[in-house]
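# Predicted model and sequence follow; I will ask about them next.
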Number of protein chains: 2
Amino acid sequence: MTVTLGNRSTIPAPRRGSGVFERARTVTEPALRAAVDSLPPTTRRAVGYHFGWWDSTGQDRSGTPGKAFRPALVLLAAEAVGGTPVGMAAVAAVPAAIPAAVAVELVHHFAQLREKNTTVSRRFGTGAAVLAGDALLALAFDVLATTAHPRAAAATHTLGATVAQLVEGQADDRREDVRLDECFRMARRRTGALLECSAGLGGLFGGGTPAQVAALRAFGAELGLAIQLTDDRRGIWGTGHPDLRHRERSLPVVAALASKSATAERIADAYKTKHDLCNVEAHELADALDADGWREWCVTESERHLRAALDQLEPGITAERRQDLRAIARLVGDRDR
Amino acid sequence: MTVTLGNRSTIPAPRRGSGVFERARTVTEPALRAAVDSLPPTTRRAVGYHFGWWDSTGQDRSGTPGKAFRPALVLLAAEAVGGTPVGMAAVAAVPAAIPAAVAVELVHHFAQLREKNTTVSRRFGTGAAVLAGDALLALAFDVLATTAHPRAAAATHTLGATVAQLVEGQADDRREDVRLDECFRMARRRTGALLECSAGLGGLFGGGTPAQVAALRAFGAELGLAIQLTDDRRGIWGTGHPDLRHRERSLPVVAALASKSATAERIADAYKTKHDLCNVEAHELADALDADGWREWCVTESERHLRAALDQLEPGITAERRQDLRAIARLVGDRDR
C-alpha cells in the first residue's frame, strides 16, 4: 500500500491548540481511507464500521471523526526537526511524514480492536474483531515499509518493537497484588509506547538527527504517562466513575491500595466481588479517594510527567520549533481522545 | 529485528526429497529463534510454547521440530532464480532469502494461532493466543522490512497483501449454502496466498526478474490448492475422519453437496446437528462419498493443480533450476505438515 505524498501546497499551516488535530485529520484521513479501501470486502467492511465511516452493511454514515491525536503528534514532531530527510529531494516535513501518521493511527485502531466489547465485536463477533485488528496491523507495516523514504526500514523496526510492547502490555494481567511499579510499566507499554513511536517516527520522517529522534521518543513516552494519569483521574472522578464501577486497577487505585489506609481496605473489599459496583458505592469510594488526596496525586504526577516530557525537547530542538509540541502537550489536561 | 545473513559456507547444499525441509529448518531456525528472543517476556513465553520449544514455564523441551515447508519453498524459489539480487554485492541466493523464509514462517504460525483450540489458547487462554499471534505478525514485518535487501519494500508490500488475503479467508464464514467456487476462493486465501507469497518472496530475494517472480507466485498459488485438496482428502478418509466428524464444509464435501445425490442429502441431514458426528456415522459417510467418486475427485483435482503449478515454471525458469521445486511439489501427495 503506497501512500501518495500530499502536494505541499494542499497542506494547511498548523494552528495552535486543537487546530493541530483538525489539520492532522485533514491530511491523514484520505491516505487512511485509501489504505482501508485496499482491503478485501469482508475485512474492509468490519474495519470501516470500526472507524465509524460506514454502517454494518457498508453504507456511508456521517460519524464524528476521531481526534487524530497520534497523527498530530507525528506531524508536529516532523515539523519540529523540520528538515528535508537525508537522501531525499526537497520534500517538506509534513507530507513526508503522512505515511508514518497513517501507520500509527492504524496501530492505534488495531489496539482498540483488541479491547473487550468493541463496536465490531458486538456487531460482527469477537473473531471478526480479531481479524479486523490483524488487517490493520498488516496495513500499518505495509504503509510504512513501502514509502520511498530512506528511513522507512528504521521506522518499520521501531513500529515492530512498539507493537511488541503494546501486546506485552495487554498480555500482562492485572493481578490482585499488582505493584505500582508494575502498573506504571504496563502504562508505559499500553499508552506510552505508541506515543513514543509516534513522536519518534515523526522525527525520523522529518529528517531529525539521532539525538533529536531520541529526544522526541522520550518526549512521547513521558507524554503517554501524563495522559494515562489524566485518563485514570477521569475514570475515577468523571461521570459514572467507570473505572471504579468496573473494578479497574488503574494507577491511582493501585497507589491507594499500596497505602494500606482505611480507604485501601474499603477498595480491596469492594473489588472482591465478581460484578460491577453500583453507582452509589463507586461514588462513595471516589469521595474517599479524593479525601485521601489521590485526585491531587493524579494531577501532580501527570504534571510531573508533562514537565519531564517538555524537558526532553530542550537540548535538541530550538525554542521556536518546540512551540507546537508544547501546545499539544498542554492540551493533555483537557483532551478527549 | 535484523536477521543476520548466514555465512555461505555454513549453508548445506540442498538435497532432493525431504532433505530440502531439513535444510530449510537448519538455516531458518536460528534466525527464527533470535527473532522470538527479541520479544518481551510474557509474549515470548506464549510464542515459544506455541513453537514447542519451551514448556509453559519457559523451560526448554525437546519437541518434534516442524517441517519448515514454507521456508523450504522460499529458499528453493530463491535458488531457482539463482542469482545475486540487483544492487547487492555478491551474496548467494539462499542466505539472502533467509529473512523472507523467517517472515513467512512467522506468518504461518500467526495464522495457526488464529485457529480455534490451539495449544496456547488451551494453556494460556484465547486472549493470550490472539496477542501471541499479533506479536508474530509484527515480527514478520520487522524481519522482512529491516533487511538491507533492495527488494525489502516490495517484499513487505507482498506480505501485507498476503496477510489481508489470509485474514479475509478466515473471516469468510462457511455458510450452509456455500458454493464450490466460493470454497475454492477461500482455499486460495487461506492456503494458497501464503504459498504464493513464499515462492514470490524467494524469487524477489533471489534476484528474480518480474516475470520469474510472477511465475513463482503462480506456482505457489496452484501448489496451495493441490495441498488443500490433499489435506481435504485426508480429512475425510484419514484416520478418524476428522473433517466429517467436525462437520467441516471442505472442498470435496461442498462439491458432493452440490451434486444433489442421495449422499448429498445424507450429508446435509447429518450436518444439521449442532454437535460432532460419531465415528460410525462419519465412517459411513466417508464410504458413501468414496463410492460416489469424491476421493478420486480429490486425487484428480489435486494432480491437476500440481501440473498447473509446474507448468507455471516452464517459460521463465530453466529445467535444471526447476528440479528442486518439482521435487518439493511432488512431495505434496504424501506430506505431513
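That came through, no problem.

# How is residue A:139 assigned, secondary-structure-wise?
Recorded secondary structure, residue A:139: helix (DSSP: H, G, I helix; E, B strand; the rest coil).

# The stretch 151-300 of chain A: helices as residue ranges?
A:152-171, A:180-187, A:193-205, A:210-237, A:242-245, A:251-258, A:262-270, A:279-291, A:294-313 (DSSP state H, counting those that start in this stretch).

# Comparing these, which comes out most buried?
Counting by mean count of other C-beta atoms under 10 Å in any protein chain shown, helix A:193-205 has the highest mean neighbour count of the helices of the stretch 151-300 of chain A, with a mean of 30. C-beta here means a position set from N, CA and C on the backbone, and glycine is covered the same way.

# What residue in chain A is the furthest from its centre?
Residue farthest from the centre of chain A, counting by C-alpha atoms, centre = their mean, is residue A:262 at 34.8 Å.

# Select, out of the helices of the stretch 151-300 of chain A, the one closest to chain B.
With respect to chain B, and counting by C-beta to the nearest C-beta, the nearest of the helices of the stretch 151-300 of chain A is helix A:152-171 at 3.0 Å.

# how far out from the middle of the chain is the closest one?
13 Å (C-alpha atoms, centre = their mean, to the nearest Å).

# just to revisit the earlier point, out of the helices of the stretch 151-300 of chain A, flag the one nearest residue B:332.
For those, proximity to residue B:332 was assessed by C-beta to C-beta; helix A:152-171 is nearest, at 33.1 Å.

# The closest one vs helix A:193-205, what angle?
170 degrees (axes from the mean of the first three to the mean of the last three C-alpha atoms, to 10 degrees).

# what about helix A:152-171 and chain B, touching?
Yes. On the criterion C-beta under 8 Å from any C-beta of the partner chain, helix A:152-171 is in touch with chain B at A:152-154, A:156-157, A:159-161, A:163-165, A:167-168, A:170-171.

# same deal with stretch A:129-141?
Yes. Interface with chain B: stretch A:129-141 contributes A:130-131, A:133-135, A:137-139, A:141 (C-beta under 8 Å from any C-beta).

# In JSON lines: the helices of the stretch 151-300 of chain A, plus mean pLDDT.
Compiled in JSON lines, the helices of the stretch 151-300 of chain A are given as follows (pLDDT from 0 to 100):
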{"stretch": "helix A:152-171", "mean pLDDT": "94"}
{"stretch": "helix A:180-187", "mean pLDDT": "95"}
{"stretch": "helix A:193-205", "mean pLDDT": "97"}
{"stretch": "helix A:210-237", "mean pLDDT": "96"}
{"stretch": "helix A:242-245", "mean pLDDT": "96"}
{"stretch": "helix A:251-258", "mean pLDDT": "96"}
{"stretch": "helix A:262-270", "mean pLDDT": "96"}
{"stretch": "helix A:279-291", "mean pLDDT": "97"}
{"stretch": "helix A:294-313", "mean pLDDT": "96"}
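
# and those helices as TSV, adding distance to residue B:293?
Putting these into TSV (distance: least, C-beta to C-beta, whole Å) gives the following:
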stretch	distance to residue B:293
helix A:152-171	48
helix A:180-187	59
helix A:193-205	56
helix A:210-237	63
helix A:242-245	61
helix A:251-258	66
helix A:262-270	67
helix A:279-291	67
helix A:294-313	71
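
# right, and those - which one's nearest residue B:72?
Closest among the helices of the stretch 151-300 of chain A, using C-beta to C-beta: helix A:152-171, at 25.0 Å.

# With adjacent residues omitted, what lies nearest to the residue in the stretch 1-150 of chain A that chain B sits nearest to?
Taking C-beta to the nearest C-beta, chain B has its nearest neighbour within the stretch 1-150 of chain A at residue A:142, 3.0 Å off. Using C-beta to C-beta, 6 or more residues apart in numbering or on different chains and skipping the chain neighbours, the partner closest in space to residue A:142 is residue B:160 (3.0 Å).

# Return the residues of the stretch 51-200 of chain A in contact with chain B.
So the stretch 51-200 of chain A meets chain B at A:110, A:114, A:127-128, A:130-131, A:133-135, A:137-139, A:141-142, A:144-146, A:148, A:152-154, A:156-157, A:159-161, A:163-165, A:167-168, A:170-172, A:189 (C-beta under 8 Å from any C-beta).

# I'd assumed residue A:243 was in contact with residue A:253.
Yes. Judged on C-beta atoms under 8 Å, residue A:253 makes contact with residue A:243 at a distance of 7.1 Å.

# Pull up the overlap in contacts between those two.
Common neighbours of residue A:253 and residue A:243 (criterion: C-beta atoms under 8 Å, 6 or more residues apart in numbering or on different chains): A:232, A:236.

# Could you point out which of the helices of the stretch 151-300 of chain A sits nearest residue B:56?
Nearest to residue B:56 among the helices of the stretch 151-300 of chain A is helix A:152-171 (14.1 Å), distances taken as C-beta to C-beta.

# Report all helices and strands that the closest one contacts.
Judged by 3 or more C-beta pairs under 8 Å, 6 or more residues apart in numbering or on different chains; DSSP states H and E, the packing partners of helix A:152-171 are helix A:93-113, helix A:126-145, helix A:193-205, helix B:41-51, helix B:126-145, helix B:152-171.

# As CSV, could you dump the C-alpha coordinates of that helix?
C-alpha atoms of helix A:152-171 as CSV (Å, rounded to 0.1, in the frame of the first residue of the first chain):
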residue,chain,number,x,y,z
ALA,A,152,11.5,3.5,6.2
ALA,A,153,13.4,0.4,7.4
ALA,A,154,14.3,2.1,10.7
ALA,A,155,10.8,3.3,11.1
THR,A,156,9.4,-0.2,10.5
HIS,A,157,11.7,-1.7,13.1
THR,A,158,10.6,1.0,15.6
LEU,A,159,6.9,0.1,14.8
GLY,A,160,7.6,-3.6,15.2
ALA,A,161,9.2,-3.1,18.6
THR,A,162,6.3,-0.8,19.6
VAL,A,163,3.7,-3.4,18.7
ALA,A,164,5.7,-6.0,20.8
GLN,A,165,5.4,-3.6,23.7
LEU,A,166,1.7,-2.9,23.2
VAL,A,167,1.0,-6.6,23.0
GLU,A,168,3.1,-7.3,26.1
GLY,A,169,1.2,-4.5,27.9
GLN,A,170,-2.1,-6.1,27.0
ALA,A,171,-0.9,-9.6,27.9
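
# Dump the residues of stretch A:129-141 next to chain B into JSON lines; add neighbour count and pLDDT as well.
Formatted as JSON lines, the residues of stretch A:129-141 next to chain B follow (neighbours: other C-beta atoms under 10 Å in any protein chain shown; pLDDT from 0 to 100):
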{"residue": "A:130", "neighbour count": "24", "pLDDT": "96"}
{"residue": "A:131", "neighbour count": "25", "pLDDT": "96"}
{"residue": "A:133", "neighbour count": "29", "pLDDT": "97"}
{"residue": "A:134", "neighbour count": "26", "pLDDT": "97"}
{"residue": "A:135", "neighbour count": "29", "pLDDT": "97"}
{"residue": "A:137", "neighbour count": "30", "pLDDT": "98"}
{"residue": "A:138", "neighbour count": "31", "pLDDT": "97"}
{"residue": "A:139", "neighbour count": "28", "pLDDT": "97"}
{"residue": "A:141", "neighbour count": "30", "pLDDT": "97"}
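
# Pick the one among those closest to residue A:102.
residue A:139 (8.7 Å).

# Go ahead and confirm the closest one touches residue B:161.
No. Residue A:139 lies out of contact with residue B:161 (C-beta under 8 Å); the separation is 9.7 Å.
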